[in-house]
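> sequence plus predicted model, see below.
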Amino acid sequence: MESHPNEALLKATITSLETRLLDLYEIDRQRQRVVQDITSGFQEQLEAKEVELNKVLDDRDAQAKEAVYAQEQVESQAKEKKEIQQQLEMQVLQKEEMQQQLKTSQLQLKNALEEVELISLQLQQVQEELEYYFLLSKHQDELLSSYSNLQQRIAVLISRSIYTSITD
């Protein structure tokens with residue numbers, strides 16, 4: 001069997017191509033491993049970034065909730081402040097009203113005290129007059145009693161005098 005020179009060249013070319021094909025398969029396997037390693041690395045990085053992103057989102061959500069809570073607290077405190085201010089205004093008005101009532105009451109008390117003092121003076125004057133008239137009445141009673149006694153004595157003396165004149 002005689003080989004044909006082209007045949008040997010063809011075999012050498014096929015062998016060379018097979019070797020190259022094997023080399024290409026090896027390169028492709030290496031490339032696939034590198035791609036798989038890179039993909040795995042990227043996948044791990046992606047997962048790590050996803051975890052970071054979830055943490056950032058959770059932090060953002062928590063901060064948003066805190067901000068909402070803080071806003072609610074601010075609004076609640078503002079509402080309480082407004083209510084307290086309204087109560088304070090009401091109390092100021094009540095205080096002013098009570099001060100006015102106090103002034104009115106003090107004026108009424110002053111007037112009442114002046115009236116009581118006047119009545120007291122009038123009462124004292126009436127008592128003095130009553131005492132004067134009582135003493136005067138007592139003196140009149142004494143005078144009348146004395147006059148009555150004197151009248152009786154005069155009547156007795158006149159009777160005796162008449163009796164003595166008749167008997168004489």
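Sure thing, it's come through.

> burial measure for Gln122, as a count.
Look at Gln122: counted by other CB atoms under 10 Å, it has 10 neighbours. For the C-beta atoms, the positions are set from N, CA and C on the backbone; glycine is no exception.

> and the helix or strand that contains Ile84, what does it pack against?
Assessed by DSSP states H and E, Ile84 sits inside helix 5-167. The contact analysis (3 or more CB pairs under 8 Å, 6 or more residues apart in numbering; DSSP states H and E) places helix 5-167 against no helix or strand.

> what's the burial count for Ala8?
Using other CB under 10 Å, Ala8 is surrounded by 10 other residues.

> how far away is Asn149 from Tyr163?
Using CB to CB, to the nearest Å, we find Asn149 at a distance of 21 Å from Tyr163.

> right, I mislabeled it, should have said Ser40
As judged by CB to CB, Ser40 and Tyr163 stand 173 Å apart.

> ok, Ser145 next?
For Ser145, the distance to Tyr163 (CB to CB) stands at 26 Å.

> one more: Ser137?
For Ser137, the distance to Tyr163 (CB to CB) stands at 37 Å.

> again with Ile38
In terms of CB to CB, Ile38 sits 176 Å off from Tyr163.

> same question, Ala67
According to CB to CB, Ala67 and Tyr163 sit 136 Å apart.

> ok, Leu144 next?
Distance from Leu144 to Tyr163, by CB to CB: 28 Å.

> check Ser120 too.
Distance, Ser120 to Tyr163, using CB to CB: 62 Å.
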